[in-house]
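Enquirer: Please work out how this folds:
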Amino acid sequence: PYIGFLAEYDKAVVLYAKRDAWEWEKTTNSAVIIFNGGYRFRFQGGFFLNLGALLGAASTKYKWDYIDPTYVGSSNNPKSGKDIIPFGMLEVTLGVEF
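Expert: Take a look at the predicted model:
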């Protein structure tokens, strides 16, 4: 049997349509947490087969607005939102141990 854990955090600031009238900036913060577990079957020659599952959740928080406040589509309130997405995956892995 095996168990595992992964945590990831990412922050990005991206500028779109640089030097155009509709130039806009987006800031994104993302976090992912995954737990996994299963069983590893070992064979002669170092080959193995993993059978397991991964369960976790991803969270993204974003905000974007036009750089030029006088642009037609601009407003005083930046567009923003937050998404939380739970997920699950089955794992089948073939590999070789050295």
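
Enquirer: From here on, just use CA atoms for contacts and neighbour counts.
Expert: Fine.

Enquirer: What residues does the residue nearest to residue 16 when sequence neighbours are not counted make contact with?
Expert: Nearest non-adjacent residue to residue 16, counting by CA to CA, 6 or more residues apart in numbering: residue 24, 5.3 Å away. Neighbouring residues of residue 24 by CA atoms under 8 Å, 6 or more residues apart in numbering: 15-18, 64-68.

Enquirer: Identify the residue nearest residue 47 in space, chain neighbours excluded?
Expert: Nearest non-adjacent residue to residue 47 (CA to CA, 6+ apart): residue 96, at 4.4 Å.

Enquirer: So what's the residue count around that neighbour?
Expert: 11 (other CA atoms under 10 Å).

Enquirer: Got phi/psi on the residue located most distally from the centre of the chain?
Expert: Relative to the C-alpha centroid of the chain, counting by CA atoms, centre = their mean, residue 44 is the outermost residue, at 36.5 Å. Backbone geometry at residue 44, expressed as degrees, to the nearest 10, gives phi -60, psi 150.
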